[in-house]
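**Q** Just the structure for this:
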Amino acid sequence: MNSFVAIDFETANQHRSSVCSVGLAFVEENQIIDSFYKLIRPNPNFYCSWATEIHGINFWDTAQEFEFPQIWTEISYRIKNLPLVAHNSAFDESCLRAVLSAYELPIHQNSFHCTYRKSKNLFPELPNHQLHTVSEHLGFKLENHHNALADAKACAHIALNIF
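**A** Just a heads-up that it's a prediction; the model follows:
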């Protein structure tokens, strides 16, 4: 797989549809060629303190941002039918499905690949398989962890080394 899109979502609360930011790293011919980051007004539009503590995004950061349908219009044409890659794709794919469903948008048909599951198989000696651990093992220092774009770029780096 030499062309794909690494994707990462952050959520505002316990609802998977509450995406409050998205980061994308576009990979073409084994090179990161572009990236995208956007804050999103979540659905439902409230923040749990534990979520804000993780990623630092709060209600006022997204109060004037677009809701997901406008963001999806902007990025879906760029994603096209490319494979999507996430570190713990069970979470990110469920967020995408939930937010598309919440707005009654068509469910995506892209294949999803998981760098977390793959790294568990490839690197059983690691103390854990968290994004920062695996990316550092492969020579990429993740800075600003839980920023959706930083996490998407780290995921892309991992994917370029293991798929």
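**Q** State the helix or strand in which Ser21 lies.
**A** Secondary-structure assignment from DSSP states H and E places Ser21 in strand 19-28.
**Q** tell me the average confidence for that strand?
**A** Taken as a whole, strand 19-28 carries a mean pLDDT of 98.
**Q** what do you get for stretch 86-98?
**A** Mean pLDDT, computed over stretch 86-98, is 98.
**Q** Go through it and flag the buried ones.
**A** With burial defined by 16 or more other CB atoms under 10 Å, the residues of stretch 86-98 counted as buried are Ala86, His87, Asn88, Ser89, Phe91, Asp92, Glu93, Cys95, Leu96, Ala98. All C-beta spots, glycine's among them, are computed from the backbone N, C-alpha and C.
**Q** what does stretch 60-73 give?
**A** Neighbour-count burial for stretch 60-73, counted by 16+ other CB under 10 Å, picks out Asp61, Thr62, Glu65, Glu67, Phe68, Pro69, Ile71, Trp72.
**Q** Contacts for it, please.
**A** For stretch 60-73, the external contacting residues (CB atoms under 8 Å, 6 or more residues apart in numbering) are 12, 19-20, 22, 38-43, 45, 99-100, 102-103, 105.
**Q** Start and end of stretch 97-114, how far apart?
**A** The distance separating the two terminal residues of stretch 97-114, taken as CA to CA, to the nearest Å, comes to 16 Å.
**Q** Give me the contact list for it.
**A** Outside stretch 97-114, the residues that touch it by CB under 8 Å, 6+ apart are 1, 4, 15-19, 43, 67-69, 72, 76, 79, 81-90, 92-93, 96, 159, 163.
**Q** what helix or strand does the residue nearest to Ile162 when sequence neighbours are not counted sit in?
**A** Distances taken as CB to CB, 6 or more residues apart in numbering place Lys118 nearest to Ile162, at 5.3 Å, with adjacent residues excluded. When elements are assigned from DSSP H and E, Lys118 belongs to helix 115-122.
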